[in-house]
Structure formats: structure tokens, C-alpha cells
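Participant: From the sequence below, what's the structure:
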Amino acid sequence: MNSTIHRSMVAALAFAALSATASAQSYGSAISVGARRHARNAAVENSPFGKGDYSGLIAFQLHDEGAYWRLGLGYAGEAEQAPGADNVLTPQLHLVFHERFLAIAVGVLKSFVNGGAGGDRDTKLYYDLQAGIEIPAGRFRVSAMAIYPFSDWGKLSKFSADDVEYSAGVSFRF
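Facilitator: Below is the predicted model:
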């Protein structure tokens, strides 16, 4: 994938984040950073990630009462299923519902592999379901989530614990 496409995607994400900021209500916004430990991803078609791969995430959150949107970009320097790749970028959008310390989320993602043995490639859109805890600490919020990524809503009943991923992060509300 050429750098023009990557720059366009980053610009689109930045524009969406800035647009969302302009329309934010009194519930506020947040910036978050985190890390994700990937699983074997048998439920995601053509996934570049394998068991034990890690990626980082930076995201913008637009909060409302009881829920928030999280628009983020994941980055992995390497991925098991994409040998020799320069990096993997994963734009993502989640709707997170939270009550006190509990949180559940549904998201849509797409990964872009840059370089490597198979050349530049991307995945089809895929989804994830997340559940975990979010602990508020002043203007900060610490989170730990279990994540189930998948490609096909019709095959959710074929859930496998081997496909569960984990993430941890911190956000700063402003």
C-alpha cells in the first residue's frame, strides 16, 4: 500500500476527530493510549496477527451519558502472519457502553499491512466485541478489556477461547 493512501487515512481520522470535538457536549472528550495482545485470530479472515503479537493504540473518545465513541488507530511494528512487514495499521471505530466500572463495546476495524513477503495488503472489514472494566481516577480512566474479533456475524456461535485478545489502556478526559 502506498504512502499516499496511508496519509489520506490518517488525515481522514484526524478530520473526523476534530469534527467530533467541535460537536462535543458537556460530557467531554478524551484521548487514550493502550496496548493489545493479539490471539491466533481464526475468526478473522486474512488477519495479519498471530498469537502473542502486540499492537499499540491511540484514540480519540467523544463521551455522552452512559456511552462514548472511540475512534482510534492501532499500530504494530511486526505481525506473525505478515512476515517482514514494515508495519500494520488498523483504523477502528467502537461504540462503548459503560456503567460505573463495567464496559462493553462493539467495533469495526480494518488492518493495512505495509510491505513484507506478500507485499502491501489489507483485510476485509472485521468486527470485535469487548467487555471489561474501566476504573475512573480523576480525569484519568484505566481500562482492561477482553476482546473477541471476528469477520462473520453469522458465526458468533462458533466462539473459541483461543481467539480472545486482551487490551489495557489509559485515557485522559478534557
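Participant: So what's the model's average confidence on stretch 101-110?
Facilitator: Average pLDDT, stretch 101-110: 97.
Participant: Three-state assignment for residue 79, please.
Facilitator: coil (DSSP: H, G, I helix; E, B strand; the rest coil).
Participant: quick one: it and residue 52 touch, right?
Facilitator: No. Applying C-beta atoms under 8 Å as the test, residue 79 and residue 52 come out as separate, 10.5 Å apart. C-betas here are computed from N, CA, C, even on glycine.
Participant: more crowded one of these two?
Facilitator: residue 79 (22 against 10; other C-beta atoms under 10 Å).
Participant: Can you give me the pLDDT of the more buried one?
Facilitator: 88.
Participant: Quick check: it vs residue 125, distance?
Facilitator: 18 Å (C-beta to C-beta, to the nearest Å).
Participant: For the biggest strand by length in the chain, buried residues please.
Facilitator: As assigned by DSSP state E, the longest strand anywhere in the chain is strand 85-99. Within strand 85-99, the residues scored as buried using 16 or more other C-beta atoms under 10 Å are 85, 87, 88, 89, 90, 91, 92, 93, 94, 96, 98.
Participant: same check, this time on stretch 123-134
Facilitator: Neighbour-count burial for stretch 123-134 flags 123, 126, 127, 128, 129, 130, 132, 134 (criterion: 16+ other C-beta under 10 Å).
Participant: if we take the residues you listed, which one ends up nearest to residue 145?
Facilitator: residue 132 (3.4 Å; C-beta to C-beta).
Participant: beta partners of that closest one?
Facilitator: Under DSSP bridges, the beta-bridge partners of residue 132 are residue 103, residue 145.
Participant: Report the separation between residue 103 and residue 84.
Facilitator: Residue 103 sits 36 Å away from residue 84, going by C-beta to C-beta.
Participant: Oh, that last question was meant for residue 155, not what I typed.
Facilitator: 30 Å.
Participant: just residue 118 next, same as before
Facilitator: Taking C-beta to C-beta, one finds residue 118 at 9 Å from residue 84.
Participant: In this structure residue 165 contacts residue 36, no?
Facilitator: Yes. The pair residue 165 and residue 36 passes the contact test of C-beta under 8 Å, sitting 6.1 Å apart.
Participant: what sits in contact with each of the two?
Facilitator: By C-beta atoms under 8 Å, 6 or more residues apart in numbering, residue 165 and residue 36 have these common neighbours: residue 147.
Participant: Could you work out the end-to-end span of stretch 122-131 for me?
Facilitator: The first and last residues of stretch 122-131 sit 26 Å apart, counting by C-alpha to C-alpha, to the nearest Å.
Participant: Measure how far that stretch is from the centre of its chain, please.
Facilitator: Averaging C-alpha positions (C-alpha atoms, centre = their mean, to the nearest Å) puts stretch 122-131 8 Å from its chain's average.
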